[in-house]
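# Predicted model and sequence below, questions to follow.
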Amino acid sequence: SIAVGIVAILVSHNLSRAALHWALLSVSLLNCLLSTACSVGLALAIALTMHSRGMHLVVGCNSSALPADARAAIATNDCPFNTTRIYDTALALWFPSMVLAAAEAVLSGRCCLVALIFRGIGPCARSYSKEQV
């Protein structure tokens, strides 16, 4: 995302350089795909965690004292981590991360569209070149 922003700034200051247009297109397309995959993965993780009521989060605990709900405190030392707030903490971190990854994907898609317009590719390219003339 940072690379896309840097290349977009460079393109805005050097509108006539074709190499920067292609760099913006490739970097923004790659970032759009990665951000989309990240947001889909986080949405899947949130759905699976909510469906299992957080039991997949405490699978690493080798204890027979695991409760049916991951939000309940586990009174054992067999877990390598503190299990008391893992469900709430995971969801509290995953929701904003998913929203930010989706916003990244949208903004990278817009940068990709701008690069296509600058190169004269796509449906908006003809109207943009007419406006410039």
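Perfect, thanks for sending it.

# Tell me where this protein has helices.
Along the chain, the segments classed as helices by DSSP state H run 2-13, 18-51, 86-119, 125-132.

# Could you export these as CSV, including mean pLDDT?
Below are the helices of the chain laid out as CSV (pLDDT from 0 to 100):
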stretch, mean pLDDT
helix 2-13, 85
helix 18-51, 90
helix 86-119, 87
helix 125-132, 56
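
# now those in JSON lines, with mean neighbour count and distance to residue 57?
In this view, the C-beta of every residue, glycine as well, is placed from N, C-alpha and C. Output for the helices of the chain, formatted as JSON lines (neighbours: other Cβ atoms under 10 Å; distance: least, Cβ to Cβ, whole Å):
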{"stretch": "helix 2-13", "mean neighbour count": "14", "distance to residue 57": "31"}
{"stretch": "helix 18-51", "mean neighbour count": "16", "distance to residue 57": "6"}
{"stretch": "helix 86-119", "mean neighbour count": "17", "distance to residue 57": "5"}
{"stretch": "helix 125-132", "mean neighbour count": "10", "distance to residue 57": "48"}
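
# per-residue pLDDT, the closest residue to residue 87 other than its chain neighbours?
Spatial nearest neighbour of residue 87, chain neighbours left out: residue 54 (3.6 Å); criterion: Cβ to Cβ, 6 or more residues apart in numbering. Reading off the confidence values, residue 54 has pLDDT 70.

# I'd say residue 54 and residue 48 touch.
No - checked against Cβ atoms under 8 Å, the pair residue 54 and residue 48 is beyond contact range at 10.0 Å.
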